[in-house]
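**Student:** Generate coordinates for the sequence data below:
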Amino acid sequence: MISLRSALCRLRRAAALAAVLVGGCAVGPNFQPPAPPAVGSYTAALLQTTVATTNVAGGDAQRFANGVNLPADWWTLFHSKALNELIAQSLTNNPDLQAAQAALAVARENVLAQRGSFFPTVSAGFSATRQKQSSVLAPAPNYPVVPNEFQYNLFTPQLNIAYSPDVFGANRRAMESLKAQEQGVRFQMIAAYTTLTANVVVTAIEAAAVQTQIEATHELIGLNSNMVGILKYQFTKGYASRLDVVAQESQLAQAVATLPPLLKQAGQLRDQLAVLAGRFPSQAPADKFELSSLQLPAELPVSLPSQLVAQRPDVLQAEANLHAASAQIGIAVANRLPNITLTADAGSSALAIDKLFTSGTGFWGLGAAATAPLFEGGTLLHQERAARAAYVQAAQQYRSTVLTAFQNVADTLVALEQDAEGLKAAAAAADDARVTLDLSRRQWHDGYISYLALLGAEQAYQQARINLVQAQANRYADTAALFQALGGGWWHRAELTQNTSQ
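**Tutor:** Model prediction:
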């Protein structure tokens, strides 16, 4: 027991020396986050408001509120209970989001596992052997261990301790790299969250628009069928030519041909909504979305350009990748420097198990070793150069991600402005078509025009209605795209802002 205490005392002194060594500087560059871009706006012309279209769903003017923060649940601004419930189901059941959360758990455990490199490794062992010694050997010095006994047992419990002080910071850089990778995975999970919520909103909007287009197309087909029937009757009476009949049949065929793609799109959108909510296509939600049930947000928060890089999860993920690449340089540099290992072992060895840990049976040992690479055939040098090149690659990928983020916001702002103009024009065309249809009905009633001319006015109105629905859907979808482009407001949700490795 005295020997064991002595060994532990020496080990404490070695650990104190190791602590001094660990206090050394970590080699390699110290990461500095990139500065925000020095730009003041997303577009060349500063946008204030969009034009308004009265008496049309989705026609309200929208004001751009620069510097205003995004809400976490921005989709509630559409005031649709069915949409809110669908997003809640998606956030709970979507497998892609759950897979991203599991990937974050993997990265977190890798960080915690790396913490073990800062502590000594301790292992315990116990061996029990029975041995036979040759009896034909000459007496001393080859006498048996136990007098007059050439067969005996040997019991040896042992404690082994090894520690490599992080003199040049290889372990610290490895921990830094893994933490950065964990942050990258966390922002990847957040990106999955923002993409999921935006996809649900946009898919619901598209489903509502397609359903309205299907209804209008059915009416168009009915109108064209009536026109074909009238022309065929007039042809038999000699009032219309064969060319008129064939031309109208061709127009009917064209209208019929537009219906299957719309039905296919409606089915695919319904299936997509089911999958986004973590369901099978056969379990698609029964609720049908209508554009008239959605309210267009009157105020659109627009983050400052300097804030965008701190909000967009893809930009933050690229920054985390850049940080990890910076730490990898330090690891590569440290691998070219000497490495120190401290070892200690202590135990007891006796011929009988009840004699263990008695006086004279203990043993211990202390050791220190230093290894330095002298010749590796250029491997370590080129690994360091590769790490530095990987950092340059990550830096350029970060810049590309930032440029894409600013482009997304700029494109969405322009789309909001121009699609508002497009809705106004589509609404004016629909109003004109409606007026034309009303006048045509009166003229037909009074006998001034033929029923064929009335059906033509009906057809023009239904086509204008389809164009109007598409313009309305564009405005709702543009609004959702802006919230996604600005980061989606995830930083207001506690479960997404928590740093998982402390």
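**Student:** after the helix or strand Arg186 falls within, next one along is what?
**Tutor:** Assigned by DSSP states H and E, Arg186 belongs to helix 170-237. Going down the chain from helix 170-237, the next helix or strand is helix 242-257, by DSSP H and E.
**Student:** CA atoms only: put the helix or strand following that following helix into PDB for me.
**Tutor:** Where DSSP H and E defines the elements, the next helix or strand beyond helix 242-257 is helix 259-276. The C-alpha coordinates for helix 259-276 follow below in PDB (Å, rounded to 0.1, in the frame of the first residue of the first chain):
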ATOM      1  CA  LEU A 259     -57.800  20.000 -67.600                       C
ATOM      2  CA  PRO A 260     -55.700  16.800 -67.100                       C
ATOM      3  CA  PRO A 261     -52.600  18.700 -66.200                       C
ATOM      4  CA  LEU A 262     -54.500  20.800 -63.700                       C
ATOM      5  CA  LEU A 263     -56.000  17.600 -62.200                       C
ATOM      6  CA  LYS A 264     -52.600  16.000 -62.100                       C
ATOM      7  CA  GLN A 265     -51.100  19.100 -60.400                       C
ATOM      8  CA  ALA A 266     -54.000  19.200 -57.900                       C
ATOM      9  CA  GLY A 267     -53.400  15.500 -57.000                       C
ATOM     10  CA  GLN A 268     -49.700  16.000 -56.600                       C
ATOM     11  CA  LEU A 269     -50.100  19.100 -54.400                       C
ATOM     12  CA  ARG A 270     -52.600  17.200 -52.200                       C
ATOM     13  CA  ASP A 271     -50.100  14.300 -51.900                       C
ATOM     14  CA  GLN A 272     -47.300  16.800 -51.200                       C
ATOM     15  CA  LEU A 273     -49.300  18.400 -48.400                       C
ATOM     16  CA  ALA A 274     -49.900  14.900 -46.900                       C
ATOM     17  CA  VAL A 275     -46.100  14.000 -47.000                       C
ATOM     18  CA  LEU A 276     -45.100  17.300 -45.600                       C
END
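**Student:** Next, the buried residues of helix 259-276.
**Tutor:** 262, 265-266, 269-270, 272-276 (16 or more other C-beta atoms under 10 Å). Where C-beta positions appear, they are placed from N, C-alpha and C, glycine not excepted.
**Student:** Adding pLDDT and distance to Glu319, write those residues out as CSV.
**Tutor:** Shown next, in CSV, are the buried residues of helix 259-276 (pLDDT from 0 to 100; distance: C-beta to C-beta, whole Å):
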residue, pLDDT, distance to Glu319
Leu262, 95, 43
Gln265, 95, 38
Ala266, 93, 41
Leu269, 95, 35
Arg270, 94, 38
Gln272, 94, 32
Leu273, 94, 33
Ala274, 94, 36
Val275, 95, 31
Leu276, 95, 28
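**Student:** what's the closest of those to Ile466?
**Tutor:** Leu262 (9.6 Å; C-beta to C-beta).
**Student:** right, and that closest one touches Thr217 too?
**Tutor:** Yes - look at Leu262 against Thr217 with C-beta atoms under 8 Å: they come within range, at 6.1 Å.
**Student:** Can you check what angle separates the helix holding Arg186 from helix 242-257?
**Tutor:** Here the directions of helix 170-237 and helix 242-257 differ by 150 degrees (axes from the mean of the first three to the mean of the last three C-alpha atoms, to 10 degrees).
**Student:** For helix 170-237, what is the distance to the chain centroid?
**Tutor:** 19 Å (C-alpha atoms, centre = their mean, to the nearest Å).
**Student:** by contact count, what packs against that helix?
**Tutor:** Judged by 3 or more C-beta pairs under 8 Å, 6 or more residues apart in numbering; DSSP states H and E, helix 170-237 is in contact with helix 81-93, helix 95-114, helix 242-257, helix 259-276, helix 313-334, helix 451-485, helix 494-497.
**Student:** Rank the helices and strands of this protein by mean pLDDT and give me the bottom one.
**Tutor:** helix 2-22 (a mean of 50; mean pLDDT, DSSP states H and E).
**Student:** Contact partners for Phe406?
**Tutor:** Residues in contact with Phe406 (C-beta atoms under 8 Å, 6 or more residues apart in numbering) are 37, 39, 42, 305, 308.
**Student:** that older thread, quick one: which of the buried residues of helix 259-276 is nearest Phe31?
**Tutor:** Leu276 (36.8 Å).
**Student:** looking at it, that closest one is touching Thr197, isn't it?
**Tutor:** No - with contacts counted by C-beta under 8 Å, Leu276 stays clear of Thr197, the gap being 9.6 Å.
**Student:** what is in contact with these two at once?
**Tutor:** Ser90.
**Student:** before we move on, what SS does Tyr42 have?
**Tutor:** coil (DSSP: H, G, I helix; E, B strand; the rest coil).
**Student:** Phi, psi for it please.
**Tutor:** Phi and psi for Tyr42, reported as degrees, to the nearest 10, are phi -90, psi -30.
**Student:** Check Leu374 too.
**Tutor:** The phi/psi pair for Leu374 (degrees, to the nearest 10) is phi -110, psi -40.
**Student:** just Pro157 next, same as before
**Tutor:** Torsion angles, degrees, to the nearest 10, at Pro157: phi -90, psi 140.
**Student:** Could you measure from it over to Ser127?
**Tutor:** 8 Å (C-beta to C-beta, to the nearest Å).
**Student:** And for Lys81?
**Tutor:** 71 Å.
**Student:** same thing with Thr54?
**Tutor:** In terms of C-beta to C-beta, Thr54 sits 91 Å off from Ser127.
**Student:** now swap in Gln317 and tell me
**Tutor:** Counting by C-beta to C-beta - Gln317 and Ser127 are separated by 51 Å.
**Student:** and what of Ala257?
**Tutor:** Distance from Ala257 to Ser127, by C-beta to C-beta: 84 Å.
**Student:** before we move on, back to that, which one of Gln317 and Ser127 has more residues nearby?
**Tutor:** Just comparing Gln317 and Ser127: by other C-beta atoms under 10 Å the higher neighbour count belongs to Gln317, 21 against 11.
**Student:** Pretty sure Leu351 sits against Asn153.
**Tutor:** Yes - shown here, Leu351 and Asn153 form a contact pair, counting by C-beta under 8 Å, at 6.0 Å.
**Student:** And the contacts of stretch 438-447?
**Tutor:** Contacts for stretch 438-447 (C-beta under 8 Å, 6+ apart): 449-451, 453-454, 456-458.
**Student:** Report the secondary structure element holding Ala65.
**Tutor:** Using DSSP H and E, Ala65 falls in strand 63-66.
**Student:** For that strand, name the packing helices and strands.
**Tutor:** Helices and strands touching strand 63-66, by 3+ C-beta pairs under 8 Å, 6+ apart, are strand 299-302.
**Student:** Give the next helix or strand downstream of the strand it packs on.
**Tutor:** Next along from strand 299-302, by DSSP H and E: helix 305-308.
**Student:** before we move on, back to that, in TSV: the helices and strands packed on helix 170-237, plus distance to Lys288.
**Tutor:** Shown next, in TSV, are those (distance: least, C-beta to C-beta, whole Å):
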stretch	distance to Lys288
helix 81-93	9
helix 95-114	25
helix 242-257	23
helix 259-276	9
helix 313-334	32
helix 451-485	14
helix 494-497	31
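**Student:** closest to Gln393 out of these?
**Tutor:** Per C-beta to C-beta, nearest to Gln393 of the helices and strands packed on helix 170-237: helix 313-334, 7.5 Å.
**Student:** next one: that closest one to chain centre, how far?
**Tutor:** For helix 313-334 - counting by C-alpha atoms, centre = their mean - the centre lies 18 Å from the chain centre.
**Student:** other SSEs contacting that helix?
**Tutor:** helix 170-237, helix 379-446.
**Student:** Which of the residues in whichever helix or strand comes after it are classified as buried?
**Tutor:** Using DSSP H and E, the helix or strand that follows helix 313-334 in sequence is strand 339-348. Buried positions in strand 339-348, judged by neighbour count with 16+ other C-beta under 10 Å: 339-340, 342-348.
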